[in-house]
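Novice: After the sequence you'll find the predicted model.
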Amino acid sequence: KARGLDWKVCKSAFSYAAGLAMVRRTAEADVVRLRKYEVPIKRVARNLCLDPALIAAIISQESRAGLLLDNGWDQGRHKYGLMQLGGQQHQPYGMWDSEEHINQCSTILVLAINEVRARHPTWTWDQQLR
């Protein structure tokens, strides 16, 4: 019978700081592939008032800037695109690596962040973003 980790072990093993360090290392490894998307990321970020680094970090974490994808799909063919849009929840717009698709996924991100902000207005920006 499978058991989950003890809460204290889980909390220390997967702390925010450790996760942030891992994200940073992954993004550094993906920086060459991410440069291909620099202009569309910056345009989308400017239009949606997002930090381009946030979009780039999601692209790095979700698809390793396209490295893990097969014609835009994950291995299970359940998620699509650089930011790994769930095909069952949303109909993808544009090609998997297009600015249109980055915009669609980033817009979904903004809507999700705004939902958290509305439910937790006293939280800091970092708490809302997590």
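Specialist: Okay, I see it.
Novice: And the contacts of the host helix or strand of Val44?
Specialist: Taking DSSP states H and E as the criterion, Val44 maps to helix 38-48. By Cβ atoms under 8 Å, 6 or more residues apart in numbering, the surrounding residues in contact with helix 38-48 are 34, 50-52, 54-56, 59, 98-99, 102-103, 106-107, 110. Heads up, the C-betas are built off the backbone N, CA and C, glycines and all.
Novice: can we see that at 10 Å?
Specialist: With contacts defined as Cβ atoms under 10 Å, 6 or more residues apart in numbering, helix 38-48 is touched by 31, 34-35, 37, 50-56, 58-59, 82, 97-107, 109-110.
Novice: Show me how to select, in PyMOL, the buried members of those residues.
Specialist: Burial among these is assessed by 16 or more other Cβ atoms under 10 Å; the matching PyMOL selection reads:
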select buried, resi 34+37+50+52+55+56+58+59+82+97+98+101+102+103+104+105+106+109
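Novice: Which ones among the contacts of helix 38-48 lie within helices?
Specialist: Using DSSP state H, the subset of those located in helices is 31, 34-35, 52-56, 58-59, 99-107, 109-110.
Novice: Spatially central residue for this protein, please.
Specialist: The centre of the chain sits closest to Ile58, judged by Cα atoms, centre = their mean, with a distance of 2.6 Å.
Novice: Chain neighbours aside, what residue packs nearest to that one?
Specialist: Met83 (5.3 Å; Cβ to Cβ, 6 or more residues apart in numbering).
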